[in-house]
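Chemist: need a 3D model of the sequence below.
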Amino acid sequence: MNITTLSKGKEKIIFQVKGVNHSYVNTLRRIMNSEVPVLAIEDVAITKNNSIMYDEMVAHRLGLIPLKTDSGMDEKTEIKFTLKAKGPGYVYASELKTTDKKCKPIYPKMPIVKLIEKQELVLEATAVMGRGVDHMKWSPGTMFYVEEPTLKINNKHPDFEKFKSKYPSKAFKKGQLDESEILKNNLVDACAGVNNEILSVEYSKENFVFHVESWGQLTPNEIVENAVEIFNNQLTELGKLLK
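Modeler: Down below sits the predicted model:
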């Protein structure tokens, strides 16, 4: 197996995996999505809420706020939050107060509820570690993979001008279909099948391109590293059971 990083950013990483099969990459994707633990609000005790939004919906919205998760946290971790807000105005995620400064909402301006004059929201919430297999609020991001495509482009084909308008505009560079632009903008499927003599695509069965985009609780690298560690541990346990 060979892994090559194609693109790396603060919130997203794209990498190529060579020499594996669908079973391996799909298992890795499922582990990233459902087994990598992150922090999310689970228990909410509401003292006062006379807003238009009922208690259960407020609690649901709190649970969906991505919280920064430290790599040293484990399944016993509990982080307390308090919130006291009065109308009029929006109540944002940044108004959640906690003594643990390492654990805070990733998006401070995420709205929780809107209060009008004389409306109040007072509550205490507890965030715990969990996994996406139990609830999507514990999923660390969105991830998918595609079979590695090989493109063959013929910009000199006699029917190029006739079919040019049928391709996405971002697939071109200086008026010509460009492989790097097509791959960068994830336009392979949009270009395939328009005219196979102008642009044809072949897909590999053992080389794959992985896209991992974090919602902020963990970095994309941490998601991948944690998933690989979990996968290896599961394979080790399986090996012990088979002996």
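Chemist: buried ones in the strand ranked longest in the chain?
Modeler: As assigned by DSSP state E, the longest strand anywhere in the chain is strand 199-214. Neighbour counts using 16 or more other Cβ atoms under 10 Å place Leu199, Val201, Asn207, Phe208, Val209, Phe210, His211, Val212, Glu213, Ser214 of strand 199-214 among the buried residues. In short, each C-beta sits where N, CA and C put it, glycine included.
Chemist: of those, which is the nearest to Ile65?
Modeler: Distances from Ile65 to these, taken as Cβ to Cβ, are shortest for Ser214 (14.9 Å).
Chemist: quick revisit: for the longest strand of the chain, packing partners?
Modeler: strand 12-18, helix 22-34, strand 141-153, helix 188-191, helix 220-242 (3 or more Cβ pairs under 8 Å, 6 or more residues apart in numbering; DSSP states H and E).
Chemist: now the last one: average pLDDT?
Modeler: What it means is helix 220-242. Averaged over helix 220-242, pLDDT sits at 93.
Chemist: go on, stretch 67-86?
Modeler: For stretch 67-86, the per-residue pLDDT averages 93.
Chemist: could I get the buried residue list for it?
Modeler: Leu67, Lys68, Thr69, Met73, Thr77, Ile79, Phe81, Leu83, Ala85.
Chemist: okay, and which of the residues you listed map to strands?
Modeler: Members of the buried residues of stretch 67-86 lying in strands (criterion: DSSP E): Ile79, Phe81, Leu83, Ala85.
Chemist: format those as JSON lines; extra columns: distance to Asp43.
Modeler: What follows is these, written out as JSON lines (distance: Cβ to Cβ, whole Å):
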{"residue": "Ile79", "distance to Asp43": "11"}
{"residue": "Phe81", "distance to Asp43": "10"}
{"residue": "Leu83", "distance to Asp43": "14"}
{"residue": "Ala85", "distance to Asp43": "19"}
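Chemist: wait, which of those is closest to Phe231?
Modeler: Out of these, the member with the shortest distance to Phe231 (by Cβ to Cβ) is Ile79, at 27.6 Å.
Chemist: sorry, back to before: any chance of the helices and strands packed on strand 199-214 in a markdown table with mean neighbour count as columns?
Modeler: A markdown table is the format used below for the helices and strands packed on strand 199-214 (neighbours: other Cβ atoms under 10 Å):
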| stretch | mean neighbour count |
| --- | --- |
| strand 12-18 | 17 |
| helix 22-34 | 17 |
| strand 141-153 | 17 |
| helix 188-191 | 17 |
| helix 220-242 | 14 |
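Chemist: can you put those in TSV and add distance to Asp178?
Modeler: Below are the helices and strands packed on strand 199-214 laid out as TSV (distance: least, Cβ to Cβ, whole Å):
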stretch	distance to Asp178
strand 12-18	18
helix 22-34	27
strand 141-153	8
helix 188-191	11
helix 220-242	26
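Chemist: for Thr98, which of these is the nearest?
Modeler: Checking the helices and strands packed on strand 199-214 against Thr98 by Cβ to Cβ gives helix 220-242 as the closest, at 21.1 Å.
Chemist: can you spell out which helices and strands pack onto the closest one?
Modeler: strand 12-18, helix 22-34, strand 141-153, strand 199-214.
Chemist: looking at the ones you listed, which is closest to Lys104?
Modeler: Here strand 199-214 is closest among the helices and strands packed on helix 220-242 (Cβ to Cβ), at 15.7 Å.
Chemist: average pLDDT across that closest one?
Modeler: Rounded mean pLDDT across strand 199-214 is 95.
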